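[1] The sequence and its predicted three-dimensional model are supplied below.
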Amino acid sequence: MRTRTAPMPTRTERPRVNRTETPRPTRTVTRGSITVSTREVTVRRGRVVAFTGRVRDIRSGTTLVLQRRVDGRWSTLRTTALVNRNGTFTIRRTFTARGTETVRVVTRDGRVQSAPIVVRVS
């Protein structure tokens, strides 16, 4: 007697097509940057120090604030400035206490900050 077996399903592979898709433009969110400098590295007590700088990828009219380092933490000062149309700014501050001040410029929301600058007040 002959036995019949059911036909087994066969696997047929589909030919793979290598598609070269055109890359889509991706949106990169940049935080921006602040560059600041001063001519007065050493200043006499009571004199005005001008901090000038330039911003990138930050809108004109954005408020910038000056911060100083106190006991390892950044403290925001009341000194502010607005970013000009050409991306520049000037912040003026009078230091009344003798010693060394470490300051930086930050956007009001705190997302972008400059590198710190050391000013010696005598």
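    That came in fine, so what should we check first? Everything numeric in this text was worked out from a predicted model, so none of it was measured.

[2] Going by C-alpha atoms from here, please, whenever you check contacts or count neighbours.
    Will do.

[3] So what would you say the end-to-end distance of stretch 54-70 is?
    End-to-end distance of stretch 54-70 (Cα to Cα, to the nearest Å): 25 Å.

[4] just stretch 101-112 next, same as before
    Stretch 101-112: ends 20 Å apart by Cα to Cα.

[5] try stretch 49-65
    Using Cα to Cα, the end-to-end distance of stretch 49-65 comes to 15 Å.

[6] any idea which helix or strand comes after the helix or strand encompassing Thr102?
    Using DSSP states H and E, Thr102 maps to strand 99-107. Using DSSP H and E, the helix or strand that follows strand 99-107 in sequence is strand 117-121.

[7] partners of that next one, with directions?
    Strand pairing for strand 117-121, determined by DSSP bridges: strand 42-43 (parallel), strand 99-107 (antiparallel).

[8] Let me know which of those strands is tucked in deepest.
    Among those, strand 99-107 has the highest mean neighbour count (mean count of other Cα atoms under 10 Å), at a mean of 19.

[9] How far does that one sit from its chain's centre?
    Centroid displacement of strand 99-107 relative to its chain, using Cα atoms, centre = their mean, to the nearest Å, is 16 Å.
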